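A.B. asks: I'll drop the sequence and a predicted model, then ask my questions.
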Amino acid sequence: MPNTPVLRLCGITKYFGPLAANDDISLTLNAGEMLALLGENGAGKTTLMSILFGHYVADSGTVEVQGEALPPGSPRAALTAGVGMVHQHFTLAGNMTVLENIMLGTEPLWGFRRNSARARAKLGALMERFQLRVDPFAMVRGLSVGERQRVEILKVLYRDARILILDEPTAVLTPQESDHLFATLRELVNQGVSVIFITHKLREVMAASDRCVVLRHGRVVLETSTKATSAEELAKAMVGASIPQATRTPHPHGEEVLFLDRVNASAPDRGASLNELTLSVRAHEILGIAGVSGNGQALLADLLSGLVAPAGGNIVLRGQTVNHLTPAAMIRAGVGRVPDDRTGTGLVADMTVMENLSTEIYRLPGFSKRGMLNFKALASRAAQLMDVFDIRCAGPDAPVRKLSGGNMQKLILGRVLSQGPHLILANQPTWGLDVGATAAVHQHLLDAARRGAGVILISEDLDELFQLSDRIQVMYQGRLSAPQDTSVDRARLGLMMSGQTFDHRGAA
Amino acid sequence: MRLEPRESVALGWQVGAPLLAVIIAMALCSGLILWAGASPLSAWGLLLKGALGSTFALTETLTRATPLIFTGLAVAVAFRAKLWNIGGEGQFYVGACMATWLGTGLITLPAWLMIPFLFLTGALAGGLFLLIPTWLKTQLKADEVVTTLLLNFVVLLVVNWLVFGPWKDPMAMGWPQAAPVIDQAMLPILVPKSSLHLGFILALACALLMWWMMRFTIWGFEIRAVGASLKASTFAGMPVRATIIRTALLSGGLAAMAGVSELCGVKGYLTLDLSPGFGYSGIVVAMLAALHPLGVVLSAIFIAVIYIGADSMSRAINISNYIADVTTAVCLLMVLLAMFLTRYRIRWK
Amino acid sequence: MDILSLFLETGFWLAMVRMATPLIFGTMGELICERAGVLNLGIEGIMAAGCMSGWTWVFLGGTLWGGVLFAACVGAALGLLHAVFTVHLGLSQHVTGLGITMLGVSLSSFVFRMVLPQVTTPPKIVPFAPLDIPVLSTLPFIGPVLFSQTALTLLAFILVGVTAYVLLRTPLGLALRMVGENPLAAEAQGLSVLGLRTGAVMVGSAFMAVGGAFLTLAAFDAFYIGMVNGRGWICIALVVFSSWKPGKALLGALLFAAFDAIQMRVQQQSISAIPYQFYLMLPYLCSILALITMSRKAAYPKALLVPFRKGER
């Protein structure tokens, strides 16, 4: 039954403050179709799907499922109508079992007892039918990212959803896991489920979708059958006329700025512990760290930020072994740190732009004297950095909370790079940024390397790693692979990320 | 009903919000006055007259505001750093005990030395006392709200033991109270024939000092940053632990100074009812002032007006003076609501 | 006197169970709130309000059970106030809770004075009598300790079982726990986060108020200002101590009451060198100790203190 619309969005408009996240968007989904919703970060994809699913209420516009209008703002109504959503940030409780997470909300709230046996039987049949296996009695906190996603999909299937929405489903998967995911989705489509997946990766759109819709600045700019288009056309539609690109000039590497010698570390809630980690970064060099999230990257970042002390091994910065590891000591030693969590860790969201630009340097002579802050010096420094790093905001006294993600990141880069670091640790520096901001961040990192800093770039985005890095090391369960050349095959890197053919001694 | 964050907050709203809260709170409490069979308008009129109607009433009000400024500042500085010090009442008595111990004859100095000495030692004791729950919080993750609250009861029992036992004044005709502090320790009276004492000036000075510290110094910057985001200030290499300890010393010290000031300024000797809940009222004072040190002075005077005025009002129209406690409690809730409305608007759909 | 011989006395165990009763109610109430992600620091005030309203109901001619029910309603109303502020508006749970406590304490004193304007000694009511259930109460030891208590004590024990069952075995309990662990997950499964949290806070607060009413309707027969005397704060410490598990919370409350009972006995019987005030301190110090021992390992409900605002980003 091709071309039977099962879902129709009409004239959806949603404002966040003065910003139009969705501006009069209309689209339809046909039965048994795989639709890709494409757009760069901030184009309004997630907002649109959140309105469809009832997390947000649109300012105007309607959602129709099978010809019936959905009441706005009710995920319950969406679920009843057969719409299921797999969120980018999984909506699972770690302290509960897989079965509990899946059963939640499927039985009448005032029932006398949960019928776990029946639920388990139904779940077992689903796992069999779609080849999605996971232990129903395992605690979610012990599952890998891939398994968690399986639980999310099972959760939706368990409710007999006919329309499945996935928000950036491949963001945290290895290339092989992504392939497997799309095979599963294709199987679902063959069995009559209609799928919408949100992505900003052109490769996935071309490989997996039947039809695609491109959003830019909250509007539909292109709607086409996948066969009738090309990656180039989609890219152009996604970012507008020109695609900004960072330029890279190769430079001979200098002396070693960081040497990790068989470092061990562990911390609760930080994923895998670090196991005999050895790596070396030289001046002018960008070392990429690839890997699926949760394999110890967070701990490596914490370690180099001075937040976690190693349990064993040595950290050598420019020939000096670092013993007393604190954030302040790392800053003094010339390590510039760009954390992955901008609003929580990188910035004090409720303080001003000027104050945030000052948090690492206010105790230095010139910025304070006998316990008093020198506002004049801090303000002139802030004005200068806002200018050089193109931080767009209402002024130095604007609260950081009000800045866009790109401007927040530029603020952090300004704070870090203005201190002339010898080593820069950038953890997912472009996560959630639009193309323009991404290019700016890339350019700043490349420039810093050209000026002589060594850079460690932790990223889950292979494209980014290939584009910036001189060498790439893969992290898996707290271990590092041998450095790979950037000419390495993508698929091979993917296998290493999933632990297969992983040899941390670097042979083969 | 939907809540929408406001894009920008007009200055008028920020100043107007606490005023609005106070008005709503008084309107709500008017219901209780009506229940008691009196006219709210005349009751509030009597309250204002009782608190501000004469020079004597005014000095009484400012005397009552003095400890509230201290405890309000203690809460304001602690809450700013997200150190939830609810132990002002306990720290108040620690300060009073310290002053009783040193000031009842153990040490004799001329007044110009004795008074600063008692304030400093009292503040030190109060600050160190708050370090206990602070240490439990940072080292053992024990919630300081509960520990500081429970320590209030412990301190009160210690005071109970002291005034019934070892410190009981044999000259007090059997009343449970400690011996009076020596004359050199008593704070001079500011207005003749009133009880307004030097403590008021000290409280004002402390408020100014706190404001200056928060606004212009490294310490203030660190306290604000640590309070706004512990994670981000740790990441930025700020001395987080030192800041929290410093905050605890300041907060506990200020609350203890309230105790010294009441002991040496008003009563002269330690009793179990030296504080009618100044430590707890300090929370209301600080919240009404939106944690601003200079605002604390105004809101402390306002709370003092309520208490002093309620005393005379309850005598005049036969209504329980617990109405003052109810009013302050409602004020606290309403100021939360008003502050919320400065950040969000409510859309009815 | 010998502490060991104390444990052989039925009277000691009886006193312990009686003293544990308000703590059991309060701890269960707080546990329910916190499991749903809301810290309820209003507990001290809600218990005070329950204390006063239950007593007043009976003093003005109502039945004892009517008084319990009335106290529960008053508690639920204060819980609703707390929920509107913290759940619907997302305001600070710390400050709101303290505000509710101040309101509960001051309002109950005020109302008490309004009802009884001029009294020096508080008038008394006829409180709940011990049950003496046939057969059961004649059992050796267990009989008097458990079944010669008042009906409210029995109710407290039943409540622990019911709470544990509901939380662990029913769809409602799963939903409540999820709201306290990951509210977005609950919303994505079609549940109303605000509704569930509001309900949990109201029911929890009703339990607290009944705990307060026990003091005036069963443990004593009159109302005094300041009667709750920090029991609410002790309950909050007990919830942490119990790692948010009803069974452990019951154990904690009993253990705690045992200390309290020992303290009272020792205080009565020895003219020891230690002044009685130090015995009175024990409950508070024990609470702090309980908090310290468990806080480090405690697995907090992940969304405790985190407000949930629908559609906000």
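C.D. replies: Good, I have the coordinates.

A.B. asks: What residues does residue 218 make contact with?
C.D. replies: Since no chain was named, I'll use chain A. Going by Cβ atoms under 8 Å, 6 or more residues apart in numbering or on different chains, A:Gly218 touches A:Ala20, A:Ala21, A:Asn22, A:Asp23, A:Ile25, A:Ala43, A:Gly44, A:Thr47. All C-beta atoms are positioned from the backbone trio N, CA, C, and that covers glycine.

A.B. asks: Correction: the question concerned chain C.
C.D. replies: C:Arg18, C:Thr21, C:Pro127, C:Phe128, C:Thr150, C:Leu152, C:Thr153.

A.B. asks: on that earlier part again, which of the contacts of A:Gly218 fall within strands?
C.D. replies: Among the contacts of A:Gly218, DSSP state E puts A:Ala20, A:Ala21, A:Asn22, A:Asp23, A:Ile25 in strands.

A.B. asks: Excluding residues flanking it in the chain, which one is nearest the fourth one?
C.D. replies: In this case it means A:Asp23. Closest residue to A:Asp23 apart from its sequence neighbours, by Cβ to Cβ, 6 or more residues apart in numbering or on different chains: A:Gly218 at 4.3 Å.

A.B. asks: What separation do you get for the one you found and chain B?
C.D. replies: Distance, A:Gly218 to chain B, by Cβ to the nearest Cβ, to the nearest Å: 18 Å.

A.B. asks: where does that residue fall, phi/psi-wise?
C.D. replies: phi 80, psi 10 (degrees, to the nearest 10).

A.B. asks: In which helix or strand does A:Leu126 reside?
C.D. replies: helix A:116-130 (DSSP states H and E).

A.B. asks: Okay, the most far-flung residue of chain A relative to its centre and B:Phe216: tell me how far apart.
C.D. replies: With Cα atoms, centre = their mean as the measure, chain A has its most outlying C-alpha, relative to the mean C-alpha position, at A:Arg370: 43.2 Å. According to Cβ to Cβ, to the nearest Å, A:Arg370 and B:Phe216 sit 11 Å apart.

A.B. asks: Would you confirm that A:Gln149 contacts A:Val86?
C.D. replies: Yes - counting by Cβ atoms under 8 Å, A:Gln149 touches A:Val86, with 7.0 Å between them.

A.B. asks: Please enumerate the shared neighbours of the two.
C.D. replies: Here A:Gln149 and A:Val86 have A:Pro169 as joint contacts, going by Cβ under 8 Å, 6+ apart.

A.B. asks: Determine which member of those two has the greater number of neighbouring residues.
C.D. replies: A:Gln149 (24 against 21; other Cβ atoms under 10 Å in any protein chain shown).

A.B. asks: Work out for me the element the nearest residue to B:Ala289 once chain neighbours are set aside sits within.
C.D. replies: Excluding the flanking residues, the one nearest B:Ala289 by Cβ to Cβ, 6+ apart is B:Gly295, at 3.1 Å. Here B:Gly295 sits within helix B:293-317, counting by DSSP H and E.

A.B. asks: Which one of the residues in the stretch 51-200 of chain B is closest to chain C?
C.D. replies: Ranked by Cβ to the nearest Cβ, the top residue of the stretch 51-200 of chain B for proximity to chain C is B:Trp161, at 3.9 Å.

A.B. asks: what's around that residue, how many residues?
C.D. replies: Neighbour tally, B:Trp161, other Cβ under 10 Å: 18.

A.B. asks: A:Met351 too?
C.D. replies: A:Met351 has 21 nearby residues by other Cβ under 10 Å.

A.B. asks: Please list the residues of the stretch 251-400 of chain A that sit near chain B.
C.D. replies: Residues of the stretch 251-400 of chain A lying near chain B by Cβ under 8 Å from any Cβ of the partner chain: A:305-307, A:326-331, A:337, A:339, A:344-351, A:355, A:358-360, A:362-363, A:368, A:371-373, A:375.

A.B. asks: Point out where the stretch 51-200 of chain C drops to low pLDDT.
C.D. replies: C:119-120 (pLDDT under 70).

A.B. asks: Spell out which parts of it neighbour chain B.
C.D. replies: For the stretch 51-200 of chain C, the residues in contact with chain B (Cβ under 8 Å from any Cβ) are C:81, C:85, C:89-92, C:94-96, C:98-100, C:102-103, C:105-107, C:109-110, C:113-114, C:117.

A.B. asks: need the contact list for the nearest residue to B:Gly165 once chain neighbours are set aside.
C.D. replies: Nearest residue to B:Gly165 in three dimensions, chain neighbours excluded: C:Pro275, at 5.8 Å (Cβ to Cβ, 6+ apart). Residues near C:Pro275 by Cβ under 8 Å, 6+ apart: B:Trp161, B:Phe164, B:Gly165.

A.B. asks: Please flag which of the residues of the stretch 51-200 of chain C next to chain B sit within strands.
C.D. replies: Short answer: these have none in strands (DSSP E).

A.B. asks: In helices, which of the residues you listed fall?
C.D. replies: C:81, C:94-96, C:98-100, C:102-103, C:105-107, C:109-110, C:113-114 (DSSP state H).

A.B. asks: now, the most widely separated pair of the residues you listed?
C.D. replies: The largest separation in these, counting by Cβ to Cβ, is between C:His94 and C:Met114 at 30.4 Å.

A.B. asks: how about the helices of chain B, start to end?
C.D. replies: Using DSSP H, helices in chain B cover B:11-35, B:40-52, B:55-80, B:88-103, B:111-140, B:144-164, B:198-216, B:218-228, B:230-235, B:240-262, B:278-288, B:293-317, B:323-343.

A.B. asks: I'd like those helices laid out as JSON lines, including distance to A:Glu168 and mean pLDDT.
C.D. replies: Converted to JSON lines, the helices of chain B look like this (distance: least, Cβ to Cβ, whole Å; pLDDT from 0 to 100):
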{"stretch": "helix B:11-35", "distance to A:Glu168": "39", "mean pLDDT": "88"}
{"stretch": "helix B:40-52", "distance to A:Glu168": "59", "mean pLDDT": "94"}
{"stretch": "helix B:55-80", "distance to A:Glu168": "39", "mean pLDDT": "97"}
{"stretch": "helix B:88-103", "distance to A:Glu168": "49", "mean pLDDT": "97"}
{"stretch": "helix B:111-140", "distance to A:Glu168": "38", "mean pLDDT": "96"}
{"stretch": "helix B:144-164", "distance to A:Glu168": "39", "mean pLDDT": "95"}
{"stretch": "helix B:198-216", "distance to A:Glu168": "43", "mean pLDDT": "97"}
{"stretch": "helix B:218-228", "distance to A:Glu168": "30", "mean pLDDT": "97"}
{"stretch": "helix B:230-235", "distance to A:Glu168": "25", "mean pLDDT": "96"}
{"stretch": "helix B:240-262", "distance to A:Glu168": "35", "mean pLDDT": "97"}
{"stretch": "helix B:278-288", "distance to A:Glu168": "42", "mean pLDDT": "95"}
{"stretch": "helix B:293-317", "distance to A:Glu168": "46", "mean pLDDT": "94"}
{"stretch": "helix B:323-343", "distance to A:Glu168": "30", "mean pLDDT": "92"}
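
A.B. asks: Including distance to A:Ala31, could these go into a markdown table?
C.D. replies: Converted to a markdown table, these look like this (distance: least, Cβ to Cβ, whole Å):
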| stretch | distance to A:Ala31 |
| --- | --- |
| helix B:11-35 | 52 |
| helix B:40-52 | 67 |
| helix B:55-80 | 57 |
| helix B:88-103 | 66 |
| helix B:111-140 | 58 |
| helix B:144-164 | 56 |
| helix B:198-216 | 63 |
| helix B:218-228 | 51 |
| helix B:230-235 | 47 |
| helix B:240-262 | 57 |
| helix B:278-288 | 57 |
| helix B:293-317 | 63 |
| helix B:323-343 | 45 |
